[in-house]
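>>> make a model of this:
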Amino acid sequence: MNRRTVLALAVGAAMLASGCTGTGGTSKGADAEAPDDPGKVTGTITVLTHRTDLVQDGTMKKYAAEFNKTYPKVKVEFEGLTDYEGEVKIRMNTENYGDVLMIPAVIEKKDYPKFFASLGTRAERSKKYRFTDYSTVRGKVYGQSPIGVVPGFVYNKKVWNAAGITDWPTTPAEFLDDLKAIKAKSEAVPYYTNFKDMWPLTQWTNVNGSVGCDTGATTRLAEGDPWADGADLRVGDTLLHDIVKSDLVEKDPTTTNWEASKPKLAKGEIATMWLGSWAVVQMRDAAKQAGTDPADIGFMPFPAQKDGTFCAVTSPDYQQAVNVNSGHKTAARAWIDWFTDKSGYADANLALSPLKDAPLPDVLKPYEEAGVKLLDIDDTKGAEVKSLDNQSEVGIYKPDYRQDLVDLARGARKGGLDDFLAGLGDKWTEAQRNLGS
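The predicted model follows:
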């Protein structure tokens with residue numbers, strides 16, 4: 001899978017009900033102390049990773065070699081897992097789940113101290129790093145993402161320009177008009193849903209916060225109706241519905257193919273897809289392989305502004321953590337610190353660095369030049385939102401309801417948009433009542 005966050009959230013949300021009961025406790029010490037003297041840090045550590053591609057092509061081994069220049073007495077071994085969520089979930093019923101691992105979405109936030117060693121306090125780490133809220137429990141941080149992502153439309157600039165569109169649309173209505181112009185003036189599919197692969201549909205949840213320019217967007221989900229009039233998810237889901245309803249997508253969404261969509265967008269056969277900054281490098285690579293110009297791949301924010309400014313939320317990728325049962329916590333912590341601060345992993349992936357003082361990656365230069373405001377969302381109520389999502393069975397981090405939305409828009413499902421969104425809101429608010437929110 002090319003994008004771990006959407007897959008992990010989709011799988012994790014489905015697994016939450018079954019839970020992870022592991023034996024991980026805090027008897028062996030709940031903190032992973034930062035090393036004082038790199039030369040004295042010893043041990044062999046196993047790093048579990050979803051990046052099987054980087055294990056197979058030797059990239060992770062190269063990272064380990066660089067790490068050893070600072071920590072020569074630590075041996076790093078990697079285990080790439082194809083079904084990362086499924087396999088790690090099973091392992092976490094024991095104490096044997098590596099020394100360093102990416103926190104599976106199945107683990108509820110409140111349970112982090114049972115399975116992971118603390119990396120320090122939120123007050124301390126938030127001065128330097130983004131995304132600390134996402135793994136903070138009772139003031140302590142249990143994970144650190146090495147990269148961040150920003151949502152947006154990946155688009156073929158050549159196709160858009162040929163249709164006479166040179167400025168980013170600032171409203172959903174303008175965006176629809178632009179797609180209609182592309183349909184009228186080119187052979188390109190104006191928008192590609194990636195319906196069949198399902199997980200790309202979950203990307204639409206990242207409109208939350210981006211539409212209203214609201215750092216408290218997660219709190220709004222916890223406390224209100226996400227599909228009330230004017231709410232971010234309602235705006236995003238309405239746009240997706242209207243794109244499909246206006247026949248601006250592929251002829252048969254049930255036959256889409258994610259891997260095949262990349263060269264199609266690169267060659268201008270597809271004009272636009274809502275994904276994230278992580279996808280830009282993949283599309284540019286596809287352009288190189290297809291013999292087209294990588295510079296044709298553009299990236300634009302959601303068509304909404306507040307006080308004349310576009311906004312886009314930032315979010316973490318998988319967060320690395322130290323197994324609370326590890327016998328080499330200091331070495332494991334050394335790896336996480338080095339990989340986050342020194343490895344260059346974020347640069348290599350053209351991703352947003354978790355370091356607050358780092359420059360933006362090249363893929364976000366258009367955002368920077370256009371004055372797009374990047375929002376670090378307050379995730380204090382993130383665990384509550386996931387519980388609500390699970391209780392309501394809506395699945396904002398799963399593809400099912402948006403597949404239903406697309407089916408509704410293309411006439412494969414009966415009903416109207418307002419009733420559909422109202423039904424989602426009813427389920428959500430009922431879950432709030434049941435959970436005492």
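>>> can you give me how far stretch 225-242 is from the chain middle?
Relative to the mean C-alpha coordinate of its chain, stretch 225-242 is positioned 20 Å out (Cα atoms, centre = their mean, to the nearest Å).
>>> which positions within it qualify as buried?
225-227, 231-242 (16 or more other Cβ atoms under 10 Å). All C-beta atoms are positioned from the backbone trio N, CA, C, and that covers glycine.
>>> likewise stretch 252-271?
Under 16+ other Cβ under 10 Å, the buried positions of stretch 252-271 are 253, 256, 258, 261-271.
>>> could you dump those residues to CSV with secondary structure, distance to residue 342 and pLDDT?
Below are these laid out as CSV (DSSP: H, G, I helix; E, B strand; the rest coil; distance: Cβ to Cβ, whole Å; pLDDT from 0 to 100):
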residue, secondary structure, distance to residue 342, pLDDT
253, helix, 43, 96
256, coil, 39, 95
258, helix, 33, 92
261, helix, 35, 96
262, helix, 31, 95
263, helix, 34, 97
264, helix, 38, 98
265, helix, 34, 98
266, helix, 33, 97
267, coil, 38, 98
268, coil, 39, 98
269, coil, 41, 98
270, strand, 38, 98
271, coil, 39, 98
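>>> can you redo those residues as JSON lines with distance to residue 34?
Output for those, formatted as JSON lines (distance: Cβ to Cβ, whole Å):
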{"residue": "253", "distance to residue 34": "49"}
{"residue": "256", "distance to residue 34": "46"}
{"residue": "258", "distance to residue 34": "40"}
{"residue": "261", "distance to residue 34": "43"}
{"residue": "262", "distance to residue 34": "40"}
{"residue": "263", "distance to residue 34": "44"}
{"residue": "264", "distance to residue 34": "47"}
{"residue": "265", "distance to residue 34": "43"}
{"residue": "266", "distance to residue 34": "43"}
{"residue": "267", "distance to residue 34": "48"}
{"residue": "268", "distance to residue 34": "49"}
{"residue": "269", "distance to residue 34": "50"}
{"residue": "270", "distance to residue 34": "46"}
{"residue": "271", "distance to residue 34": "48"}
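>>> quick one: which of the residues you listed is nearest residue 62?
residue 262 (25.3 Å; Cβ to Cβ).
>>> isn't that closest one right up against residue 284?
No. With contact defined as Cβ atoms under 8 Å, residue 262 does not count as touching residue 284 (9.7 Å).
>>> narrow the buried residues of stretch 225-242 to those in helices?
232-242 (DSSP state H).
>>> which one of the residues you listed is nearest to residue 109?
residue 233 (21.1 Å).
>>> so who does that closest one touch?
By Cβ atoms under 8 Å, 6 or more residues apart in numbering, residue 233 lies in contact with 205, 207-208, 221, 226-227, 396.
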